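> Give me the fold of what follows.
(2 chains)
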Amino acid sequence: MKVAVCINHVPDTETKVKVGPDGLAIDKTGVNFMLSPYDEFAVEEGLRIREKFRGEVVAISLGPESHKETLRKALAMGADRAVLLKDEGVRDSCGVAAGLADELKSLAPDVILFGKQSIDYDDGQVGTLVAEMLGLPSVSVVVKMDIQDGKVVCDREIEGGHETVETKLPAVFTAQKGLNDPRYPSLKGIMAAKTKPIEEKAALPAAVRVAAIRMRKPAAKNPGRIIGTDKSAVAELVRLLHEEAKVI
Amino acid sequence: MKVLAFAEQRENKFKKSSLEAVQAARRLADSLGGTVVALVAGSGVEVIAAELGPYGANQVIAVDQPDLARYSSTACAKVIATVAEQQGAEIVVLSASQMGKDVAPRVAEKLKAGLAADCVALTMEDQVLVATRPVFAGKALLDVSITTPVKVYTLRPNVFTATPGSGVAAVEKISVALGAEDFGSVVIDAKVATGRPDVTEADMIVSGGRGMKGPEHFALVEQLADVLGAAVGASRAVVDAGWRPHSEQVGQTGKTVSPMLYIACGISGAVQHLAGMSSSRFIVAINKDKDAPIFQMADYGIVGDVFEVLPELTAQLKQALGR
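From the prediction side, this is the model:
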């Protein structure tokens, strides 16, 4: 079984976002980057599929040189090899998907995994876009996945519950938290990752469909009111919710 | 100029977020000088189609056929793209619900359209339609414009209004030919919990964090939620500790929510949590640490012990609401 895992290199969740000088993207000064958390579930699922069915796990990322760091993390977790689709520019989600789809077409994996969304731009659309571009079925926001004889039964999260979806390989899946518990890279894995190959090639250029106009911070909330220090404040809270906020 | 609004239904009932999408399409059509065509797809859905009139649809197309009884992203996308092409729609609007986010990328690609996902505002700026998208879980907003002739937008649930008016829509039933190849993945079963609403759709959320001290004490959070008809939310810490299911997690690696009222109980307010709930209309924080960052964000704060304050709040609300 050939598994491709598409991953992204994103600012960590503790980042306090500042808008950069161009007014279109964040200021990356002093920001720590990491493997996008949902992509970690995708990598883990890929490794589990390989453990069960044999084959190989290929980690793919589209972006600048710095994405190698995140590819190394996937290699340290256990991926066999990695591909960096180099691109210094800014792409919308269709542009990222077009670059990845081009590489996946020649790789022809049985299973293509993504995180359900990358926690920088939060589009959550690239995985399904890739599926459409490749003419493949897809299941998004997957919390459970069971492969048997080329047939896959998945649970995906919906509002207030789950739905069970059946599909056939090859197919694209996007991973939601709960799918598995991602492993920590072992020391041996980290050492091995240093010698595993990262193939570099230029990403296929893509036309812009969505243009950024400006990035801005949301309007700051007015500082709130402390209305008390024990349960005697509850009556006042209920009054405020009713009369001022008018939410009850 | 036509705006197509896809109105998602489950079990032949429109979701509130679908009505929000139809009404947002109405506002777009009004500012651009156009009409709204709403689309409902499924089996036995023709009878509910007229319900979209009061939300602003001029016309409703019902693709009502047995093979659409079970949701398939590929089949659904084909239906939406086919109708968009037949109608010559320049704008397609969907809710950024789990179904909308699953189908919109396919629709966009079929129409060679740009896609702006999870928008919280659509405004006209010098004749250009600008979509506002929260990024980094709401730590920043990105204003974008779609540059392709056809444009697809998904709208974050609970942000746009859905107020019925007196509009009446003409209903037209059509069929779209679908073959086995259009059903690459198909839903075979769905389990939706009855009772509390989902955090992404709820008008009110009562959320608990580490300050609840253990999973057994979440009964206090649940009791307050039930009095309000609210959803139960949780911080990453308590989800990671296994106290609560991940479907309840609010924050950058969970759900981004925008209810009318968010009550944070024993949540200190890590950056990644605040990002996920800062767009709530009113925020109440109950925490015994007066320096907790959540108080910077809260409209109303009580610096106190959740174990004392929560039961009192539940009791008083029960009385006030007569429940």
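> Quick one: residues contacting residue 87.
No chain specified, so I'll use chain A. A:62, A:63, A:64, A:99, A:202, A:203 (C-beta atoms under 8 Å, 6 or more residues apart in numbering or on different chains). For every residue, glycine as well, the C-beta is placed using N, CA and C.
> Chain B is the one I meant
If you count contacts by C-beta under 8 Å, 6+ apart, residue B:87 has them with B:2, B:4, B:37, B:61.
> Okay, helices next: where are they in chain B?
For chain B, the helices defined by DSSP state H cover B:16-32, B:73-87, B:98-110, B:218-228, B:236-240, B:271-277, B:294-297, B:306-321.
> Residue A:179 is nearest to which of these?
helix B:236-240 (14.0 Å; C-beta to C-beta).
> contacts for the biggest helix by length in chain A?
Longest helix of chain A, by residue count under DSSP H: helix A:37-53. By C-beta under 8 Å, 6+ apart, the surrounding residues in contact with helix A:37-53 are A:1, A:3-8, A:13, A:35, A:55-57, A:59, A:70, A:74, A:77-80, A:111, A:113-119, A:145, A:147, A:173-177, A:179-183, B:253.
> hang on, the earlier thing: which among the helices of chain B is found nearest to residue A:129?
With C-beta to C-beta as the measure, helix B:98-110 is the member of those nearest residue A:129 (4.2 Å).
> Run a quick neighbour tally on the nearest residue to residue B:98 once chain neighbours are set aside.
Excluding the flanking residues, the one nearest residue B:98 by C-beta to C-beta, 6 or more residues apart in numbering or on different chains is residue A:158, at 4.5 Å. Per other C-beta atoms under 10 Å in any protein chain shown, the neighbour tally for residue A:158 reads 21.
> sorry, back to before: could you export the helices of chain B as a markdown table, including mean pLDDT and distance to residue B:265?
Putting those into a markdown table (pLDDT from 0 to 100; distance: least, C-beta to C-beta, whole Å) gives the following:
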| stretch | mean pLDDT | distance to residue B:265 |
| --- | --- | --- |
| helix B:16-32 | 97 | 26 |
| helix B:73-87 | 98 | 37 |
| helix B:98-110 | 98 | 27 |
| helix B:218-228 | 97 | 6 |
| helix B:236-240 | 96 | 11 |
| helix B:271-277 | 93 | 13 |
| helix B:294-297 | 94 | 10 |
| helix B:306-321 | 96 | 5 |
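> and those helices as TSV, adding distance to residue B:201?
Listed next are the helices of chain B as TSV, based on distance: least, C-beta to C-beta, whole Å:
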stretch	distance to residue B:201
helix B:16-32	7
helix B:73-87	20
helix B:98-110	10
helix B:218-228	14
helix B:236-240	19
helix B:271-277	15
helix B:294-297	22
helix B:306-321	21
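> out of those, nearest to residue A:193?
With C-beta to C-beta, the closest approach to residue A:193 among these belongs to helix B:236-240: 25.5 Å.
> all helices of chain A, in order?
Ranges of helices in chain A, per DSSP H, are A:37-53, A:67-77, A:93-107, A:126-134, A:187-193, A:234-243.
> longest strand anywhere in chain A?
Secondary structure of chain A per DSSP state E: the longest strand is strand A:138-148.
> Quick one: residues in contact with it.
The contact list for strand A:138-148 (C-beta under 8 Å, 6+ apart) reads A:45, A:49, A:52-53, A:111, A:116, A:124, A:127-128, A:131-132, A:152-158, A:162, A:165, A:167, A:169, A:171-179, B:73, B:98, B:101-102, B:184-185.
> quick one: strands adjacent to that strand?
Next to strand A:138-148 in the sheet, as set by DSSP bridges, lie strand A:151-158 (antiparallel), strand A:171-175 (parallel).
> Comparing the ones you listed, which comes out most buried?
Most buried of the strands paired with strand A:138-148, by mean neighbour count (mean count of other C-beta atoms under 10 Å in any protein chain shown): strand A:171-175, with a mean of 28.
> residues in contact with it?
For strand A:171-175, the external contacting residues (C-beta under 8 Å, 6+ apart) are A:38-39, A:41-42, A:45, A:111-117, A:124, A:127-128, A:130-131, A:134, A:136-142, A:145, A:152, A:154, B:184-185.
> Now do it against helix A:126-134, angle only.
Angle of strand A:171-175 versus helix A:126-134, following axes from the mean of the first three to the mean of the last three C-alpha atoms, to 10 degrees, is 170 degrees.
> Need the CA coordinates for strand A:171-175. PDB is fine.
Extracted C-alpha coordinates of strand A:171-175, given in PDB (Å, rounded to 0.1, in the frame of the first residue of the first chain):
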ATOM      1  CA  ALA A 171      -9.200   8.000  -2.100                       C
ATOM      2  CA  VAL A 172      -8.400  11.100  -0.100                       C
ATOM      3  CA  PHE A 173      -9.000  11.400   3.700                       C
ATOM      4  CA  THR A 174      -8.700  14.400   6.000                       C
ATOM      5  CA  ALA A 175      -7.900  13.600   9.600                       C
END
